[in-house]
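# would you be able to build a 3D model of this:
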Amino acid sequence: MIDDTFDAIADLPWPQKGDVLFANAEDWYHNACLNWRYDNWELYASGYKTAGDVLVQHVIDTRSERDILVFPIVFNYRQYIELRCKEIIRLGRMLSDMPGAFPQHHDLQKLWSVCRKIISDCEPGASKSDFEAIDELIAQFCAVDAKSENFRYPVDRAGNPAISDALPVINLRQLRDVMNRLASFLDGVSMAFSVYIDNRAEMQGYGW
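Next up, the predicted model:
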């Protein structure tokens, strides 16, 4: 049976000795550049968000593969939220001259709690309704995947199904649209904090 299976796929591309995964090639327009910025937090966060958007658009365009792409889609969006929250915490602490970088865990609710207070303290433009709306979205995400495991593995550490039967369907178009609204807020805060820090550094450079 195993021999028959291998015979059936013999015409498929197969790994070759000497294959190189990570390389610079002549088709330069396919070469992704790494570490070209002094701070890659923005690139990482935006990359995961963009990956989720691209996959959702593929589902919309083709009306196919939604049941297999849902896992990387949700994971990418969740990873975006986690990275953006950690970045905002890091920038906010720099802005306020507070010690520490960012919490070293994946608990989205705890991260948002720290992030929320920093935004409230440093960004006067954020309203109570803004925070309440995001509180709801973070709570919804945590109910589905609190610690970034449920869409990476089909089972939890005890061997139980990672995703509850209480969540039988996810509309990917709606997920993307709501994520875009959430990202508008978080990206705006990240940009504002970065500008504040750059402006402060510039003024200090002039001796103000």
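
# next, give phi and psi for the residue nearest the centre of the chain.
Note on the chain: the residue nearest the mean C-alpha position is residue 80, at 1.6 Å, using CA atoms, centre = their mean. The phi/psi pair for residue 80 (degrees, to the nearest 10) reads phi -60, psi -50.

# who touches it in this structure?
By CB atoms under 8 Å, 6 or more residues apart in numbering, residue 80 lies in contact with 45, 46, 48, 49, 52, 179, 183. Placement of C-beta: from N, CA and C, glycine included.

# ok, now residue 107?
Counting by CB under 8 Å, 6+ apart, residue 107 has contacts 146, 147.

# likewise residue 48?
Shown in contact with residue 48 (CB under 8 Å, 6+ apart): 76, 77, 79, 80, 83.

# just put those in TSV and tack on distance to residue 27 and pLDDT.
What follows is these, written out as TSV (distance: CB to CB, whole Å; pLDDT from 0 to 100):
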residue	distance to residue 27	pLDDT
76	26	98
77	30	98
79	28	97
80	29	98
83	30	97
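
# kindly state the pLDDT recorded for residue 205?
pLDDT, residue 205: 67.

# report all helices and strands that the helix ranked longest in the chain contacts.
The longest helix of the chain (DSSP state H) is helix 172-205. Packing contacts for helix 172-205, counted by 3 or more CB pairs under 8 Å, 6 or more residues apart in numbering; DSSP states H and E, involve helix 41-62, helix 66-95, helix 108-122, helix 128-145.
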